[in-house]
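K.L.:
Predicted model, plus sequence, below.
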Amino acid sequence: MDYVRSDSASNGIVPKNGAPKGRITSAKIVVAGGFGAGKTTFVGAVSEIDPLRTEALMTSAAVGVDRTEAVPGKFATTVAMDFGRLTLAEDLVLYVFGTPGQHRFWFMWDDLVCGAVAAIVLVDTRRLADSFASIDFFESRGLPFLIAINQFQDTRQHGPEQVREALKIPAAVEVVTCDARSPESTKQTLIAAAEHALAEHHAPRSRKA
């Protein structure tokens, strides 16, 4: 895991109250999940800058390739990444990268997670199976992650423990609820992911094994 300081070539996790005065610690967090889970909305809601989006309109070429039946109102899709930034304190900045959801763009994930300290798997409870690929990916790379249940409007709500059981998530992985449209909700989710990364970084080796 790497935190990159603006004035130092060293890597490491530094809590904000432990950073030397005048130094800024930056961290990269990746937001992943299935197609249409709300990743672009999440990054746009939390970013303090105009988010970078690489969306393209879906055309007839996507028919039979992208599973759009569960998201009938979706006409565009992320083809590379979403990018935003959030300053949590004078000495701590988070850079947020959203991954493309479709299988045909997964070859980009290895580059997108390079240097990340944590990940968020955004879950749509109507399509839980779409979350397994992201979970398996982060588990295989040993990247700390948490599950964020996106509370879509006019859908049946499921609690964290119900989702944990359905996805077979171990107790060490935090499961939270969020509203991908809300700046405050997405901010709190990012903070939870950063805290989880810190806890994993400082955990005893026996716990990580």
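P.N.:
Perfect, thanks for sending it.
K.L.:
what about residue 44, is that helix, strand or coil?
P.N.:
helix (DSSP: H, G, I helix; E, B strand; the rest coil).
K.L.:
How about residue 146?
P.N.:
Here residue 146 is recorded as strand under three-state DSSP.
K.L.:
Grab the nearest non-local neighbour of it.
P.N.:
In space, and not counting its chain neighbours, residue 146 is closest to residue 174: 4.3 Å by Cβ to Cβ, 6 or more residues apart in numbering. Heads up, the C-betas are built off the backbone N, CA and C, glycines and all.
K.L.:
For that neighbour, give me phi and psi.
P.N.:
When read as degrees, to the nearest 10, the backbone of residue 174 gives phi -70, psi 140.
K.L.:
and it, how far is that from residue 156?
P.N.:
22 Å (Cβ to Cβ, to the nearest Å).
K.L.:
Comparing the two, which residue is more hemmed in?
P.N.:
Neighbours per residue (other Cβ atoms under 10 Å) separate residue 174 from residue 156, with residue 174 holding more: 19 against 7.
K.L.:
For the chain, name the helix or strand with the lowest mean pLDDT.
P.N.:
strand 4-5 (a mean of 40; mean pLDDT, DSSP states H and E).
K.L.:
the strands in the protein, which residues?
P.N.:
4-5, 25-33, 52-57, 76-89, 92-98, 118-123, 145-150, 175-178 (DSSP state E).
K.L.:
Packed most tightly, which of those would that be?
P.N.:
Burial of these is given as mean neighbour count (mean count of other Cβ atoms under 10 Å); strand 118-123 ranks first at a mean of 27.
K.L.:
Low-confidence ranges, this protein, go.
P.N.:
1-22, 53-80, 101-107, 204-209 (pLDDT under 70).
K.L.:
Sort out which residues of the lengthiest helix in it are buried, please.
P.N.:
When the chain is parsed with DSSP state H, its longest helix is helix 183-201. Neighbour counts over helix 183-201 (16 or more other Cβ atoms under 10 Å) mark 185-187, 189-190, 192-194, 196-198, 200 as buried.
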